[in-house]
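**Q** Pasted the sequence and its predicted model underneath.
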Number of protein chains: 2
Amino acid sequence: MKATKIVIIGLGVSGFIAAKTAKKVNPDAQITIIDQKEYDMFSACGLPFVMEGVIDEFDELIHSLPLEKMNMVKLLKHRAVSIDSGNKVVTAVDIETSEEKTIPYDSVIIATGCFPFIPPIPGAHELMNRGVFVVSNPENAKQIVDYSKDISRAVVVGAGAIGLETAAAIAAHNIDVTVVEMLSHAFPRAIDPDIAKVLERSLKKSGIKLMMSATVEKVSGDDRVTSVTVNGKSIPADMVIMASGVRASWDLAKDAGCEPGNWGIKTNAKMETNITGIYAAGDCVETVSPINHKLWMSQLATTAYRQGIAAGTNAAGGYETYDGSLTTFVSVIGSMEVAATGFNQFFAKSAGYEVVTGKASGLTRPDWYPGAKEITVKVLADARTGRIIGGQAVGEDGAASRVNLISLAIKGNMDLHDLYSAEFAYCPAVSETYDPLSKACEFAIRKMKK
Amino acid sequence: MKATKIVIIGLGVSGFIAAKTAKKVNPDAQITIIDQKEYDMFSACGLPFVMEGVIDEFDELIHSLPLEKMNMVKLLKHRAVSIDSGNKVVTAVDIETSEEKTIPYDSVIIATGCFPFIPPIPGAHELMNRGVFVVSNPENAKQIVDYSKDISRAVVVGAGAIGLETAAAIAAHNIDVTVVEMLSHAFPRAIDPDIAKVLERSLKKSGIKLMMSATVEKVSGDDRVTSVTVNGKSIPADMVIMASGVRASWDLAKDAGCEPGNWGIKTNAKMETNITGIYAAGDCVETVSPINHKLWMSQLATTAYRQGIAAGTNAAGGYETYDGSLTTFVSVIGSMEVAATGFNQFFAKSAGYEVVTGKASGLTRPDWYPGAKEITVKVLADARTGRIIGGQAVGEDGAASRVNLISLAIKGNMDLHDLYSAEFAYCPAVSETYDPLSKACEFAIRKMKK
């Protein structure tokens, strides 16, 4: 293969994996990676666990990558300011010296990630860093920890993974936490209200207050945050965490002429944008659902990883596709594990499915084995064919492993009976003879027979 | 439905589930269950954990079943002595009074289970219960615990699940344990030597001695066991556990005219024997492998459960099939979890497959998350098509959950690329971004491309 020049913009999961893969596919590739950070990479999903104290230091989340050893050029503290697809050059600016550099490319991979969305709530921007915070990197997560030391009451805006994981992390330090969610239940985009209920019960038990279907209308305070107004009522608060979702960092791509979708940069299955030679991967792109091949958003590390493999392979002259994401995820919130894959009932109905569901609660081990935990598993299928289209689980243990099985069943176009009759390993120290997942499928099958 | 008379012989997993299912399918069914035991049922898989001390009492493994409440007749302490398929009656004898009872049936389900095989080793039978023991029920497991109190050295014959789980349980009480296995490695029927090696290293580290490719030629002692002879060499031993496999309890079935297979009673997919109206399920039957539909043996609680569902449904006039077993299992031995499904390399080759394998070791969580455990995962596929035909995993955690995914992939006729590209949930508290299972598939795919 020829010595392809590849420029990668953004050193996160997809950027790094794209670089590594490109080098594997074409060892002669000349790879330049541009990133604004001072260090190579950090594990964003680990931030709540440092905030909580499960992990000692934020430094443990910051990783040095052997990029120079892999013969790559690394431009840290540089901002990519433009991609000129006509002349095939990327322009980057040294953030410290303002020096401009132009880097020629054969392929460029945009892996610029996403940024926290801050809703236009009066006071939110004004009091930013004076009580209002976001969680998106070790720096702002550390700010929260430092600020938390002197306060007693916090409000978290948004009951998605970042919001709830942060709420549990802060609550672990004896801070009174209220989570305010605009929609009706926890993880509204990912799970159904009945599964959310199980999680919400556990959160409430641990002392976290939940305000669902509630809107934060105002953040108040002079020098620092002192209260928020929710549904017309003032609530005292020393700190407000904005966890109302993230948005794709796609300005650079759009300026370069890359076609935007609804939520991210559009690509084909090769992760190539509408402009030949410009690829995009990770949190900044839009993907499809493998269930119905319609547009879908998946801002997960696992998605970024696989998209990085495809983008890196193709940018280096190989061939690899990424076939979409089921947004299979797991989140650990206090003592609870919650996981989901595919469509929830809301999205399934929106996509035109008549849905049959099966839900079962049971134990992860026999009741006579120490440490058996309660788990609730739900499976969603197309009521006409029985084909599995989604699943959710919540419990103190084992939610991810059940949801992974449902994810694989969706991937294999399996129906309820296939998953019901699947053979799972049993040993009292690990599992039950008849898993709650099998039971959930059994219940759904019974509903279909009616 | 008419009031079918169903006689179930044997109250284990398959007998009980068959009874429960039959009653669900036909609430008017008149069900009689015959068993020799004094109590309803026990969880055999829990025995090693009581022996080890993880569970306090053997009584916790003994379960009372609501059979009378379900309008079933229960004949405990009764032995079924014959099935007369011409007159459709089962004859049972009250073990205490020798009273004979004849019970008419429309359907009979033979769920007589299995018994421990004791190899014809001189001294083994003679010293039974005087140092020589088997593990198959709470009574003999308790005998082992009692006998163990005064001894310091034990030999376990057989390195399958029962042998190794028992070895670890005994070793936990500071008894010097040597496991003697005739074949070359641990779990010889289920896993490959390279995966066994990982387990064997851990066993040795914990102080358990292993003698592989070794034969116990003699058990010696006058009043009690004092030594065993292995490969011509005498080894001092106070106790010998015979864990050299189990055999189907099929005499009753054979006497009734049911056709025997190589290892168990032959049935069709409805779990019906060659004699109309006589069904069989559980450890006493032979099954098929769903991979190649050839005869296969699967003496697992999970298999018994599913076969019980099919036998009970059909015996009650419904329709249900059992499609064979991949012998998906997990065993916990000391700190190690070992699991497997489908064919290992030996059986795959015997079945005519050209095998490609992929093996990867990795962590169950990121290395910066506390409690990350090493796991080794191996996947086996048909080298011509990439279709997955088996898998194994070993580690301190998560072996079963990977093997369950491989089992489901086999069920779904998936190939290596399907499983490789499956989407698993990531959260540092639970998993890694790129699972060792995905990596194992990646390695196997790379070998296929060559």
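**A** All right, it came through fine.
**Q** Just the closest residue of the stretch 151-300 of chain A to chain B, please.
**A** A:Leu300 (7.0 Å; CB to the nearest CB). (Each C-beta comes from the backbone N, C-alpha and C, glycine too.)
**Q** Now the phi/psi pair for that residue, please.
**A** The phi/psi pair for A:Leu300 (degrees, to the nearest 10) reads phi -120, psi 150.
**Q** what's the burial count for it?
**A** A:Leu300: 23 surrounding residues under other CB atoms under 10 Å in any protein chain shown.
**Q** Now A:Gly342. Nearest residue, chain neighbours left out?
**A** Counting by CB to CB, 6 or more residues apart in numbering or on different chains, A:Gly342 lies nearest to A:Gly390, which is 3.4 Å off, once chain neighbours are set aside.
**Q** Hmm, A:Lys349 and the one you found touching each other?
**A** No: between A:Gly390 and A:Lys349 there is no contact under CB atoms under 8 Å: 11.2 Å.
**Q** Which one's more surrounded, these two?
**A** Legend: neighbour count by other CB under 10 Å for A:Gly390 and A:Lys349, higher for A:Gly390 (29 against 12).
**Q** Let's see whatever helix or strand that one lives in as CSV, backbone CA atoms only.
**A** According to DSSP states H and E, A:Gly390 maps onto strand A:388-395. This file holds the C-alpha atoms of strand A:388-395, laid out as CSV (Å, rounded to 0.1, in the frame of the first residue of the first chain):
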residue,chain,number,x,y,z
ILE,A,388,-36.8,-9.3,19.3
ILE,A,389,-36.3,-5.5,19.0
GLY,A,390,-35.3,-4.5,22.5
GLY,A,391,-34.6,-5.3,26.1
GLN,A,392,-34.0,-3.8,29.4
ALA,A,393,-32.8,-5.0,32.8
VAL,A,394,-32.3,-3.5,36.2
GLY,A,395,-31.0,-5.0,39.5
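**Q** Relative to the whole chain's centre, how far out is that strand?
**A** Relative to the centre of its chain, strand A:388-395 is centred 17 Å away, using CA atoms, centre = their mean, to the nearest Å.
**Q** Could you do stretch A:264-283 as well?
**A** Distance, stretch centre to chain centre, for stretch A:264-283: 19 Å (CA atoms, centre = their mean).
**Q** Distance of the residue of the stretch 151-300 of chain A closest to chain B relative to B:Glu423?
**A** Counting by CB to CB, to the nearest Å, the separation of A:Leu300 from B:Glu423 is 9 Å.
**Q** what residues are shared contacts of the two?
**A** Both A:Leu300 and B:Glu423 are contacted by A:325, A:328, under the criterion CB atoms under 8 Å, 6 or more residues apart in numbering or on different chains.
**Q** show me what contacts the residue nearest to A:Gly342?
**A** Applying CB under 8 Å, 6+ apart to A:Gly390 gives the contacts A:340-344, A:347-348, A:379-380, A:406, A:410.
**Q** hang on, A:Lys254 is in a strand, isn't it?
**A** No: A:Lys254: not assigned to a strand; according to DSSP: H, G, I helix; E, B strand; the rest coil it is helix.
**Q** Can you get me a residue count around it?
**A** A:Lys254 has 12 neighbours, counted by other CB under 10 Å.
**Q** Now for it: which residues touch it?
**A** Contacts for A:Lys254 (CB under 8 Å, 6+ apart) come out as A:260, A:265.
**Q** per-residue confidence for it?
**A** Per-residue pLDDT puts A:Lys254 at 98.
**Q** how close does it get to A:Ala304?
**A** Per CB to CB, A:Lys254 is found 20 Å from A:Ala304.
**Q** A:Ile62 too?
**A** Distance from A:Ile62 to A:Ala304, by CB to CB: 18 Å.
**Q** Of the two, give the one with the bigger neighbour count.
**A** Higher neighbour count among A:Ile62 and A:Ala304: A:Ala304, with 28 against 18, using other CB under 10 Å.
**Q** The host helix or strand of the more buried one - what's its average pLDDT?
**A** A:Ala304 belongs to helix A:301-315 when assigned by DSSP H and E. Averaged across helix A:301-315, pLDDT comes to 98.
**Q** gap between it and the chain center?
**A** 15 Å.
**Q** What helices and strands are in contact with the helix or strand following that helix?
**A** Downstream of helix A:301-315, the next assigned helix or strand under DSSP H and E is strand A:329-333. Applying 3 or more CB pairs under 8 Å, 6 or more residues apart in numbering or on different chains; DSSP states H and E, we find strand A:329-333 packed against helix A:161-171, helix A:193-205, strand A:336-342, helix A:399-411.
**Q** what angle separates the second one from helix A:399-411?
**A** Using axes from the mean of the first three to the mean of the last three CA atoms, to 10 degrees, the direction of helix A:193-205 lies 170 degrees away from that of helix A:399-411.
**Q** Output the helices and strands packed on strand A:329-333 in JSON lines, with distance to B:Lys449, mean neighbour count and mean pLDDT appended to each entry.
**A** Listed next are these as JSON lines, based on distance: least, CB to CB, whole Å; neighbours: other CB atoms under 10 Å in any protein chain shown; pLDDT from 0 to 100:
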{"stretch": "helix A:161-171", "distance to B:Lys449": "37", "mean neighbour count": "26", "mean pLDDT": "97"}
{"stretch": "helix A:193-205", "distance to B:Lys449": "41", "mean neighbour count": "19", "mean pLDDT": "97"}
{"stretch": "strand A:336-342", "distance to B:Lys449": "29", "mean neighbour count": "29", "mean pLDDT": "98"}
{"stretch": "helix A:399-411", "distance to B:Lys449": "21", "mean neighbour count": "29", "mean pLDDT": "98"}
